[in-house]
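Q: After the sequence you'll find the predicted model.
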Amino acid sequence: MPGLYVHIPFCVKKCLYCDFYSLPGAQDKIPIYIQAVLQEAPKYAGMKFETLYLGGGTPSLLGSQNLPTLVNGLKQIFDFSVLTEATIEVNPESATPDFLSVALECGFNRISIGVQSLSDAELKSVGRIHSTTHAIAATAAAKAAGFANISADLIIGLPGQSWRTLKKSLTGVIAAGVRHVSAYCLSLENETPLADAPPPNLPGDEKQASLYEKARDLLQANDFLHYEISNFALPGFESIHNLNYWRGGEYLGLGPAASSHLEGIRFKNKTDLDAYLAFPTRQNIEVEQLDIKHKAEEEAILRLRLLREGLDISFLSQKYGIRFTSEIAQKLRAMKDDGGIVGEGNVYRLHPDYVLTSNRVFTALITGM
Amino acid sequence: MENIRNFCIVAHIDHGKSTLADRMLELTGVLHTTENAQVLDSMDLERERGITIKAKSVRMPYKSSDGKDYILNLIDTPGHVDFNYEVSRSLKACEGAVLLVDASQGVEAQTIANAYLAIDAGLEIIPVINKIDLPNAMVDECRQQLQDSLGINGKTALLVSAKDGTGVKDLLEAIVTLVPPPQGDVSEPLKCLIFDSFYDSYRGVIPHIRVFSGSLKHGDKIMIKSTGQVHEVDEVGYFSPQLTVAESIRAGDVGYVGAIIKKVGSIHVGDTIISPDFPDTLPIPGFRRSQPMVFCGIYPISTNDYVKLTAALEKFQLNDSSIVYEKESSAALGWGYRLGFMGMLHMEITLERLKREYGQDLIATMPSVIYKVYTTDGQATLIDNPSKFPDPARIDHIEEPIVNLRVIVPNEFVGPIMELSDAKRARLVAMEHPDKKRALLTYKFPLAEMITGYYDKLKSVSRGYASMDYDFAGYQGGDFVKVDILVKSNQVDALSFISVRESAQTKARGLIHKLRKLIPRQMFEIPLQAAIGAKVIAREDIVALRKDVLAKCYGGDITRKRKLLEKQAEGKKKMKMVGAVEVPQEAFLLLLKMEE
């Protein structure tokens, strides 16, 4: 069943590494933005969703007034009767007890906190506006508010980061009771301040790789399952919304720059808040409809990201037809022989030692247009 | 015959030869408007680089001011330094030469070289100063330079602007009055000089000829002097500039002969066509098979494209018979061809044309000259491929080809040029001053050093002012070693190179260092080594790739991420597998740029 994503393109201040569509200091537009989203949504009225995800930007900037308006509005338009997971991303400094309890009342049952690090120096180095204290407090507040499913985002490879500081961040969030950790390697995205002027103490690939491996080992030692390249969860706490992405599932994205995947077609909204506010229903661009073979390849590389579940080639063949998947199967077998992936019956998985060099596997599987 | 004038235009590159030819064609009514057509340069690349590769000729009817009708045959000459011999053959077909000098540039190295070739061929020289319309034209200086560097009376030089047509009419008059008419007897046995040829898919190889004696018509039998092959003439005619059939061509004429000569390699510039009835007719002196001087291997990126490459080369040779090629195989690169060229520029242009015209994605290996390798058993072998060098223990000594190189350069650049040339093991033979501002440096220059980027550097250190010309001088001994390159213990034969012993290690280190930067990190560590025999003289390691992953992949950016991967996959297709290592094509071009 599809998932629903709503983009909240507002933040207090852009982080130095961020290339998501988010506008700092435009919070006064939040009320009209919510109205715009509620105008776009009826285009897809009646759709039934299993998951809801409010991402950003900084969704916690919506505050206790706007959040219910948005969610109640969406409830009028869509069928949330089988909604099993509703996630809201929050930033530590704006995740107040008041806001968190409103979120819970609105029906959110999962909180994703942008902790990033439990080292103030590291947070500062990438322009985060919160502190370690905020992060710990936000986690505690989420728990106190009654959230059982809390996730923390951490960044691997922050300027000046060492295993000592990363370990502190990891053990800190585990001790605070999070059930899910997303640990992303910092990447320098084009036209971000960090890419334009990378600090000299930025860990290189080698260092990042070793930090990643140590982080993985520590999380696994604490019963977290490494279920996706950058995601770890205690059993039963995997992100259902995100799993749907990695299984090639369908989803609707609302708001500027939000992407959708419906009836096999991928499209996204224009990355322009003002245009969106003016004509919320006329923003679809970059419509992409792949042919069956490329669609099967796309799903194959997505599913291989799921390190535990893996890619079941017989499932893929049933879904797309064996004539479009036989080349994939053949390549998988070849890569099994050279050690890049492991295979168990029909199920193929990335080799644990080569997760960080998995582009080799992915590039081998996709064919040009 | 009295009213025929056979002439050519010789000039330094870019001095306006093709434009002048266009104006002549217009004035004589052969072409109406050319609009910069540069009829003689029909290949795109020629026009781009301003170089005429293939010689062509054209026949122009001309009514002179005295009211008489003339036939002017303009024989074009290849305009670049690699084709010295071909130029000399074209000149041999003429009685006169227009020596063209760019008024803003003055006499350059090729002006001198070509002028001497023309003087040696006994031609009447008509000095012409071109581009007089330019604001920086220095007519008086040019006159003086003609006098000083060539002993030609500069005062008699005609002033022309080929661009706007000024003086071109006077030049045609001068050709009529000054260039002697051809001599030769129609009643004598047939004797023709082949100065060029082209391939027509229906009629085979069509030689361009100058008839020195006798005549030719449809149905005649002809014999190629050097091979004794006999053919029946199918068609004769002139270039106007397209092929125009004539009943016959006779002593003094310039034209073509079609005789269904299907084998491309059977016609050589400089050869003589005679009548089989008079097989003892003496050949026109000076014929030699033109020998390629520079060799390189070419390989398809994908081994599947080998058949395509073969077809492309076969077709290519039809248009440029100076290229020789034979199959070769490289352990690293698979099946390919070894190509021989007249020189470096010829090589560059040919490779570019192969890529462009035939859509071939190619790896071209380090160019090599022909070394004379004397083995301990007293044998001398000519070797054009470093990977074919015998075991060092079996080598007694090695000789390399040397050229006479002439460089003309403004005085202020003499220092840098000498420094550059010294680094290339060149030996300065003479320094003269053709005029007050410039020097003429004459070197004995190792050809091997010239083909690794000397020309480009010469141009860059002189800010484009230096000009050069060279011809083959012979072989000379030296202390050479063969350096092998090993990638993860696999010897990459296509990267082997020959060097003088004393600079081998420096070169090897430079190459290994560049290779390390160029070969992408892979799943395993890759040692890169350079070795002379079993002795390793340089080593660097490429550490294993630790991170190449799309860590973040959400719903939002799946299309974008897939495109990133596609781009990466596209890049991989251009890699060549050496053992288990993916090596980018550029690696094989590195040797070319090794010393930069």
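A: Everything's here; your move. Since the model is a prediction, treat every value here as computed from it, not as a measurement.
Q: Stretch A:249-260: end-to-end distance?
A: Length of stretch A:249-260, first residue to last, CA to CA, to the nearest Å: 10 Å.
Q: next one: that stretch to chain centre, how far?
A: 13 Å (CA atoms, centre = their mean, to the nearest Å).
Q: So that stretch, near chain B or not?
A: Yes: judged by CB under 8 Å from any CB of the partner chain, stretch A:249-260 and chain B are in contact via A:Tyr251, A:Gly253, A:Ala257, A:Ala258, A:Ser259. All C-beta atoms are positioned from the backbone trio N, CA, C, and that covers glycine.
Q: for residue 182, what are its contacts?
A: If you meant another chain, say so; for now it's chain A. A:Ser182 makes contacts with A:Ser112, A:Ser151, A:Ala152, A:Asp153, A:Leu154, A:Ser230, A:Asn231, A:Phe232, as judged by CB atoms under 8 Å, 6 or more residues apart in numbering or on different chains.
Q: could you do chain B instead?
A: B:Met1, B:Ile4, B:Asn6, B:Glu95, B:Ala251, B:Gly252.
Q: 7 Å instead, please
A: B:Pro182 sits next to B:Met1, B:Ile4, B:Asn6, B:Glu95, B:Gly252 when contact means CB atoms under 7 Å, 6 or more residues apart in numbering or on different chains.
Q: can you list the residues of chain B near chain A?
A: B:523, B:545-556, B:558-559, B:562, B:565-566, B:568-570, B:572 (CB under 7 Å from any CB of the partner chain).
Q: Report the buried members of the residues you listed.
A: Burial by neighbour count, judged by 16 or more other CB atoms under 10 Å in any protein chain shown, picks out B:523, B:545-551, B:553-556, B:558-559, B:562, B:565-566, B:568-569 from the residues of chain B next to chain A.
Q: Just the ones in helices from the residues you listed, please.
A: Counting by DSSP state H, the part of those found in helices is B:Ile558, B:Thr559, B:Arg562, B:Leu565, B:Glu566, B:Gln568, B:Ala569.
Q: From B:Leu25, how far out is the first one?
A: Using CB to CB, to the nearest Å, we find B:Ile558 at a distance of 62 Å from B:Leu25.
Q: now do the fourth one
A: Look at B:Leu565 and B:Leu25: by CB to CB, they are 56 Å apart.
Q: Is it possible to get the contacts of B:Pro182 out as JSON lines so that each row also shows pLDDT and neighbour count?
A: As requested, the contacts of B:Pro182 are exported to JSON lines (pLDDT from 0 to 100; neighbours: other CB atoms under 10 Å in any protein chain shown):
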{"residue": "B:Met1", "pLDDT": "79", "neighbour count": "14"}
{"residue": "B:Ile4", "pLDDT": "95", "neighbour count": "19"}
{"residue": "B:Asn6", "pLDDT": "96", "neighbour count": "25"}
{"residue": "B:Glu95", "pLDDT": "96", "neighbour count": "23"}
{"residue": "B:Gly252", "pLDDT": "95", "neighbour count": "25"}
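Q: Same list (those) but as TSV, adding secondary structure and distance to B:Asp469.
A: Output for these, formatted as TSV (DSSP: H, G, I helix; E, B strand; the rest coil; distance: CB to CB, whole Å):
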residue	secondary structure	distance to B:Asp469
B:Met1	coil	34
B:Ile4	strand	31
B:Asn6	strand	24
B:Glu95	coil	24
B:Gly252	coil	31
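Q: Quick one: the residues you listed as CSV, columns for distance to A:Tyr354 too.
A: Below are these laid out as CSV (distance: CB to CB, whole Å):
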residue, distance to A:Tyr354
B:Met1, 82
B:Ile4, 78
B:Asn6, 73
B:Glu95, 76
B:Gly252, 78
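Q: ok, so of those, who is nearest chain A?
A: B:Asn6 (56.7 Å; CB to the nearest CB).
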